[in-house]
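Student: Kindly generate the corresponding structure for this input.
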Amino acid sequence: QVQLVESGGGLVQAGGSLRLSCAASRLTFSNYVMGWFRQAPGKEREFVASINRGGGDTYYADSVKGRFTISRDNAKNTVYLQMNSLKPEDTAVYYCAADRSRSPNLKGQMIGTIDYWGQGTQVTVSS
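Tutor: Below is the predicted model:
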């Protein structure tokens, strides 16, 4: 079955950086829009960023625009999320998502309709 495995989470001070990775297997990676979502305690899962199949178009939540960068390497079946200038409010479990959506912007996609999810990686930003 399809696997999405995130890595790179951890504890970082405010203003610091982290790079998340998501390695995909058992799917034709280049056929999927890839995205990152996050879920803080007591809150709903929310869109963070997505990238189209070729890697040329990217989309971001307003809260992370200018600080986070999504990228993908189709040769390695991996999607990345570079997170800079981290804030305490970025603290959450970050989930990788793969979807066959016609639109590369997953911001409006219903959470329950996303094709595949990773298991999540914890990001904690201390003040």
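
Student: pLDDT score for residue 108?
Tutor: Per-residue pLDDT puts residue 108 at 86.

Student: With adjacent residues omitted, what lies nearest to the residue of the chain most remote from its centre?
Tutor: Centroid-distance maximum for the chain: residue 127 at 22.7 Å, with CA atoms, centre = their mean. Leaving out its chain neighbours, the residue that sits closest to residue 127 by CB to CB, 6 or more residues apart in numbering is residue 88, at 4.7 Å. The C-beta positions use only the backbone N, C-alpha and C, and glycine is treated the same way.

Student: what's around the one you found, how many residues?
Tutor: Neighbour count of residue 88, defined by other CB atoms under 10 Å: 11.

Student: Distance of residue 46 relative to residue 30?
Tutor: Per CB to CB, to the nearest Å, residue 46 is found 26 Å from residue 30.

Student: Quick check: nearest residue in space to the spatially most central residue of the chain, chain neighbours excluded?
Tutor: Nearest to the mean C-alpha position of the chain, by CA atoms, centre = their mean, lies residue 36 at 1.8 Å. Excluding its sequence neighbours, the residue lying closest to residue 36 (CB to CB, 6+ apart) is residue 48, at 4.3 Å.

Student: quick one, what contacts that neighbour?
Tutor: Residue 48 is in contact with 35-38, 60-61, 64, 68, 81, 94, counting by CB atoms under 8 Å, 6 or more residues apart in numbering.
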